[in-house]
Each structure stands twice: as C-alpha cells, then as structure tokens.
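1. here is the input, now give the coordinates:
(one chain, ligands or ions: 1)
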Amino acid sequence: MIWSKEEKYTRTEIENIQWERLKKQIHYAYESLAPYRKKMEEQKIRPEDIKTLKDIHKLPFVVKDDFRKEYPFGMFAVPRKAVRRIHASSGTTGKPTVVGYTKEDLKNWSEQVARIAAMGGATEEDTAQIAFGYGMFTGALGLHYGLEHIGADVIPVSSGNTEKQLLFLRDFETTVLVATPSYALYIAERMEENGYQKKDFRLRFGLVGGEALSEKMRVELEERWEADFTQNYGMSELNGPGVSGECLMKNGMHINEDHFYAEIIDPETLEVLDEGEEGELVITCLTKEAIPLLRYRTGDITRLTKEPCDCGRNFLRMAPLHGRTDDMLVIRGVNLFPSQIETALENFDEIGAHYEIEVRRVNHLDVMTIKVELIDFKLLDSFGELERVKKEIKQKIRSVTGLDSQIRLLAPRSLERFEGKARRVKDFRE
Ligand code: ZN
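-> Below is the predicted model:
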C-alpha cells in the first residue's frame, strides 16, 4: 500500500521539494550548528554558493567521528529544552554517538517508518511483534511508533526470550514480525523443536533490519514462515530506521527522498559517482531540526537506481548493502567484504543461510576458513558428496574473491545463533 502522497511524486516534484528543503537546511546548519559552520568556513563555502541541488557536492562531509568529538550534545542545533528524546548508539570503540529529536523530528520519523512498514505490507489490520532490543538503540522504538502511526497494534516484546516470542506469535496471532534477519530465522528454527506447528501461526510479513538480508536468507525465511520478508535501512544519526525500505517487489530499498537526499561517493577519492555505480552512501537530511545533518558519510556500500518500480513509487532505490567500509577485511592484501562470501554461497542448495568467516595468521600468512551448515543430515552419509560440495564452494569463493579458503561443512544448527545482529567474522590475527 502507498501510504503518503509524497511517494507518488514525479521525479521533478521530488527534486523540487528536495531543493526547497536543502536551501533552508544549509542556512539553518550554517547558522545553528557551530561544528558544521566551522567546516564550511575552512572550505571557504558560504550557503549562497550552493545554487542548485547538484552543487551539494561542494559542501563538506560529516563523519561519525564528528559526533564523538562533540560528545555529548555538541551536534545539537537546538536548545536542550526543545529536545524531546535522546538516543545513543554504542560504538565498539570510544564514546557513544548521541542523537536528539525535537517534537517535529519525532513526527517526521514516525511518518518515515510508517511508509516503510506499509511498503512491506503492514496495514492497520495488523498485529506487529517487535523483537528488536528496546533501549538506546533506535530500531525498536522507530518501528514501534511507525507501526502505531499506521494503526497496527504493537507488541513490544523486545529481543531475546525466544520461548516467549513463539508463545506470543501464536497466541496473540501476530501478523508482522520485526527483527534482525538472523533472529527471525532463529525463531523459526526453534518453532518445531519447541513443539509448535506452522499452521498455528498467522504471520504474513517480516520487516527486517539491523543487518543486510541476503537473498538466500530471504528464501529460507519466506519458506519457513510462509510470509513475505522485506528489509529496511537506517541508522541513529539519520533518525533511525525509516531512511529506506523494500516494497513487495523486493528489488531494492526506496529512499524517503523528500526527507533524505542520497549520493554515492568513492570512499577513497570522495568524488561523487554516477547512478548505478557502487560506492559509499552519503545522506543529507532535509527536514531534521535537532541535528541538521548535511552530507553524512554512512560507511555503507551500495548503489542507487532511479529506474521506475512496478509498485508505482518514484523514490529512488538503493541496492541491499554490500558491506560497510569498516567491515572490510584485508586478507593477504586483498580487500574482502563478508557480503562477497555470502554472494558466493548463495547458489548452493546443500547449505543453509548461516555462515562464519574465520581468519587466522599461520606462519605469517593469512588463512581464511569458511564454516557453513549443511541444510540436512543426508549428505553426511556420503564422503564423496561432501568432498564435491566443499570443492565447488572453494572454487566459487576463489572466483568471487580471488582468495583461497578452507571450507568446513558442519552439521545443521551447529553455528552460533544471535538475537540481534549476527557476528559473521572472527578475526584472530593480532
Ligand atoms: Zn517499489
């Protein structure tokens, strides 16, 4: 369902509204956000120098580190009194990234998420179970308010306690599940062994986020739940979820372009790339008040397309993430994104969607081991078949990444499962 009139805008209408809003935001950031004004002054750019939407490339970037430097509230452009909510994301290193929202920001955010939820199939008829962790993380509350905004009833169960997830899914007749893809799959795996039967569940849609959804994972989720699974994207610096999401065509995530202006840059040269080229996603927030963020480097690798979508929306689409610039591994001098391994594994029916990449240093050489699970126990009886599958996976990985690897085929359900984002990489070097 198309939730708002903006989603039906033509490309010209979209670009007009983006330009009107961008002009205002540049002046606003220059006047109210001291760290950004300083960046503009250093680059000798004034708001008047931006004369068209395309001139945006002249503006300086903002990076995650700017938030850390300004911890806690230096990135706020409004007085504390105007702030209605504060979230923070825990960095693995250093100080958390702190973000704030005005009343208007919270309203816009639930509107953005409402559209994404509707794109993924949710309506006011639905009952949505939120299995994201509540707290300072923006995922749970973001989806919570967005789904309430479209009139769905929301079950804020939070992450973990899989027994209770299954009980509520069945007894509350949940129709929409919100979770990370890996947790949604884990709940499904536990269904049978906990004595539940698929026919007792009413699930129709899964709205997943927090990590990329691979096609292999989607197929497995949709088969197990007999429901449509779509993924959505966002991060706390950009409000949270609600930046973009897949419609039921499942061919890329539509960006809420009246709120977010998207560019793709080469992360090395910082040059803006053309439509269709792969690079780092840079987002300019066109409506945010508490933190008017311009040209924020997300660290996520993707590409954009303006091709029309069969769903009738004209908002451009971003491809599922190809990894994050900071997730990139360097193995024997070769750059590797975990998603490349995922792609290589996608065509093997003998194995499931879970995998783990292990890197060790043996005699000063990087050794990569890929652990995957067999889809069932049948193959375990045939040594010849196991060796064949191993060899084929090894060859496929070499052709996709240029790297040699050791393949370990494990019994079904032997890799670790996660209630939040999966940790697919174990790097034992250093
Ligand atoms: Zn679409």
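2. low-confidence ranges, the stretch 51-200 of the chain, go.
-> By pLDDT under 70, the weakly predicted segments of the stretch 51-200 of the chain are 91-93.
3. from Pro72, how far out is the single nearest residue of it relative to the ion?
-> Scanning the stretch 51-200 of the chain for proximity to the ion using CB to the ion identifies Met119 as nearest, at 7.1 Å. (C-beta placed from N, C-alpha, C; glycine too.) Met119 sits 34 Å away from Pro72, going by CB to CB, to the nearest Å.
4. neighbour-wise, which of the two wins?
-> A count of neighbours by other CB atoms under 10 Å puts Met119 above the other of Met119 and Pro72, at 27 against 14.
5. elements contacting the top helix by length along the chain?
-> Criterion DSSP state H: the longest helix present in the chain is helix 11-32. Here helix 11-32 is seen to pack against helix 34-42, strand 279-285 when contacts are counted using 3 or more CB pairs under 8 Å, 6 or more residues apart in numbering; DSSP states H and E.
6. that's a helix at His57, yeah?
-> Yes: assessed with DSSP: H, G, I helix; E, B strand; the rest coil, His57 lies in a helix.
7. wait, it touches Leu270, no?
-> No: His57 lies out of contact with Leu270 (CB atoms under 8 Å); the separation is 9.3 Å.
8. if we can go back for a sec, of the helices and strands packed on helix 11-32, which is nearest the ion?
-> Taking these one by one with CB to the ion, strand 279-285 is closest: 18.4 Å.
9. burial measure for Arg80, as a count.
-> Arg80, neighbours per other CB under 10 Å, totals 10.
10. ok, and the closest non-adjacent residue to it?
-> Phe73 (7.0 Å; CB to CB, 6 or more residues apart in numbering).
11. helix or strand: which one has the one you found?
-> Secondary structure assignment for Phe73, by DSSP states H and E: no helix or strand.
12. so what's the residue count around it?
-> 14.
13. roughly how far apart are it and Leu33?
-> Taking CB to CB, one finds Phe73 at 12 Å from Leu33.
14. check Asp274 too.
-> From Asp274 to Leu33 the distance is 30 Å (CB to CB).
15. now Arg85, nearest residue through space, not along the chain?
-> Counting by CB to CB, 6+ apart, Arg85 lies nearest to Tyr101, which is 4.5 Å off, once chain neighbours are set aside.
16. where does the stretch 251-400 of the chain have low pLDDT?
-> Short version for the stretch 251-400 of the chain, where the test is pLDDT under 70: none.
17. the ion contacts on this protein?
-> Residues of the chain lying close to the ion by CB under 5 Å from the ion are Cys247, Met249, Cys309, Cys311, Arg313.
18. quick one, which of those residues are buried?
-> Neighbour-count burial within the residues of the chain next to the ion applies to Cys247, Cys309, Cys311, Arg313; the criterion is 16 or more other CB atoms under 10 Å.
19. in the stretch 151-300 of the chain, what residue spans correspond to helices?
-> 162-171, 181-193, 215-225 (DSSP state H, counting those that start in this stretch).
20. can you tell me which of those is most buried?
-> Sort these by mean neighbour count, taking mean count of other CB atoms under 10 Å, and helix 181-193 sits at the top with a mean of 20.
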